[in-house]
Every structure is written in C-alpha cells, then in structure tokens.
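Asks: Make a model of this:
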Amino acid sequence: MVEMNELHQMNIERGCIELKDKAGASLWYSFAPASPQGDFPRTLMVFLNGLIVPRAGWDSVMENIIQKAEEDGLPHPAMLSYDRFGQGNSSPDPSNEGKEPGHGHDVMSAVRDLHQLISQFSVEKPLFHMSSDQFPSLIFVCNSIGCALARLFAQIYPGTVSGMILLDSIMANSDFVSIWPDPDAPGFDPDSLPEGVSAEDLRETRAKFAKAFHPSVPNKEGLSRRNLARLLPYSDNPKLIGLSGEGPLLTVVGHDWDTFAEQSLTGTMHTPKILTMLYMNPCWQKYNEGLVHITAAKLTKGPVIAKGCGHFIQTDDPAFVVAQICDMLERIKGLAI
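Replies: Got it, this is the predicted structure:
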C-alpha cells in the first residue's frame, strides 16, 4: 500500500508492505527510485536502522542524495529505508506472539525478513524489471545493530552485496558491561585506577550498562540480542563474499571520541567523560579496526572518524554520510561492479 498523500516532494514514496509469510503485519518503508542517469539500474541502496533511531533517521540523508543528484548531475541508485517489525510505524512481528516479551525474534529472523522484503520489492517495483529468480546488487548503509544485520546478510546470502558503509557498528561480541573494570572482582586493586577514576564510578557505570545495554535486556522491537555474540564472535571475521566474487567494498566509520563522551555524559546514562575516554572509546576503536578485515584490504576504507558525531552519525551529520555514499558509488563504478 502506498499513501499518495504522503509522497514526498523530493520523489520519496512512503508506504507499507506485507511480507508473503507474515500476512496481516505491515512494514513501513521510504523508497526513492534511481536517478534518470541510469548508472545503477539494478542496484538497491538499503538503509539499516539501529534499535533506537527508526527509518525517519535516514530521511535527511536520502533527501540530500536526491538534491545532490539534481544539482550536480550525479547518478544514484534506488534507495530503501524501512522500519523493522515492532519499530517506528511497522506492526509487531507476528512471530513474537506467545514468546518472552522483548525476545520474540532474533537478528537472524530480521535478516530473513530483510531478504524477503528486498525480493518482493525487486519484483513489484517496475524500476528493476526483474523476474522472481533475480536479485539486485545491494549497498548497505547502516548504523549500530544495523551493521550486524548487514554482516549477517552478506554471510547468509553471499554474492549479493557490492558495498557496505558501517556507521558506528554495534560491538556485536560485547556484553557492554565487561568494558569497564570490575571494582568488586577478586584481587582488584583500587590504587591501580588512573587519576580521576573511582571504584564507585565504575560500579555505577557497570550497573547502568547492565540495565540498559546487556544483550539480555529486552527492547520494544522484540529483537533479541542474546545470541548476537555467538553469531558474530569476532570483529574481523568471517570474511565476506561480495558481488564480484571478492569481498564487498567497505567503509568503516566510528564516532568522534570527544562528542560521544560529551553525549554520554549529558544523555540518560550520565557516564563520566573520563570513563568513556579511557575505556569505551578505545574498545570501540579496536572493534572498528577489526571490521576493516572482513573484506579484501584493497576494498576497504577506514576506520574513518565522523568529526562532531556521536553514535547516531546519520542524524548528527547527514552531509557526512552523503559524502561517504558518493565515495562508495564512485568506487563501485570504478570496479564496474
């Protein structure tokens, strides 16, 4: 279903779709056809959300890409963002029924839903002119847990992804508690702490992160993270197979350390900046440095730091994300993928 009164002035169609195996439940999407230049006739750029910011967080990025294409004559592929089941405007996932609240389905279920969504779009949108046995070349632009979904998708459906832009990926193998030293661990020496770090600060921070971010914590979406570390135990493996037979093109982006620390202090967690700078930021940077190895070295860019951006890079600086997308598209054209 497409609501014509909600068509965006920049040619972004907003509507909902029912997946064939989940009748009665609607996924809401935003879709923009490819630019008239036609350089990416069978490419689909898919924006993958984190748990907190839904598809609306990509609106400015999509609008800026269209505007840039119109002003500079640069081509862009078709673009799709969507709210997963239980997120934004979309219906709850029917598979959640009768299951533990907040843990009704996992990331593998979300990946399968994504594949079905793309399969239906590929056939139903005349833009692609594809048959039911064809599949588009995908570019994933993703944030947070969306990056984990992109990696799993490329693993399960090898040869479908030509490019990936990972914006502050979730640390999929972390419990977000052990990042911080445990002042109550046997043999812990409080005198070993750096100046400005107290045992009580660490204790409070560990408790807050256990309550908010531990993989066992449920979320409104019902997307369980309990098995995420088992599915993606390493940041640098497994290696992905892209459309060309090698790995996909990859851009890894991390948040600005100082901006993230400031937002962590002033946000709901109230994490002291010194703790973020000493423990969280280095851990995340190390994870990003591992991510660059999931494809061939010649196909990798990063880790790039998004200056002035916290975790939600797409909303903090849409123009930065657009620049990374334009760079990715030029790299794809250069490789003739």
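
Asks: Excluding chain neighbours, what is closest to residue 140?
Replies: Leaving out its chain neighbours, the residue that sits closest to residue 140 by CB to CB, 6 or more residues apart in numbering is residue 150, at 4.0 Å. To be clear about C-beta, it is placed using only N, CA and C from the backbone, and glycine gets the same treatment.

Asks: buried residues in the helix or strand where the one you found lies?
Replies: Residue 150 belongs to helix 145-156 when assigned by DSSP states H and E. Neighbour-count burial for helix 145-156, counted by 16 or more other CB atoms under 10 Å, picks out 145, 146, 147, 148, 149, 150, 151, 152, 153, 154, 155.

Asks: circling back to that earlier point, wait, the residue nearest to residue 140 touches residue 48, no?
Replies: Yes. Between residue 150 and residue 48 there is a contact under CB atoms under 8 Å: 5.8 Å.

Asks: what is in contact with those two at once?
Replies: 140, 142 (CB atoms under 8 Å, 6 or more residues apart in numbering).

Asks: what pairs with residue 224 across the strands?
Replies: residue 106 (DSSP bridges).

Asks: If you tally nearby residues, what's the number for it?
Replies: Counted with other CB atoms under 10 Å, the neighbours of residue 224 add up to 23.

Asks: Tell me which residues touch it, please.
Replies: 102, 103, 104, 105, 106, 107, 218.

Asks: now it: how far from residue 103?
Replies: 4 Å (CB to CB, to the nearest Å).

Asks: okay, and the common contacts of the two?
Replies: residue 218.

Asks: on that earlier part again, filter the contacts of residue 224 to the buried ones?
Replies: Buried among the contacts of residue 224 (16+ other CB under 10 Å): 102, 103, 104, 105, 106, 107.

Asks: and residue 46, backbone torsions?
Replies: phi -120, psi 130 (degrees, to the nearest 10).

Asks: what's the neighbour count on it?
Replies: 25.

Asks: Do I have it right that it meets residue 80?
Replies: Yes. Residue 46 is within contact range of residue 80, at 5.1 Å (criterion: CB under 8 Å).

Asks: who touches both of these two?
Replies: With CB under 8 Å, 6+ apart as the test, residue 46 and residue 80 both reach residue 118.

Asks: Helix or strand: which one has residue 162?
Replies: Assigned by DSSP H and E, residue 162 falls in strand 161-169.

Asks: Also residue 121?
Replies: helix 107-124.
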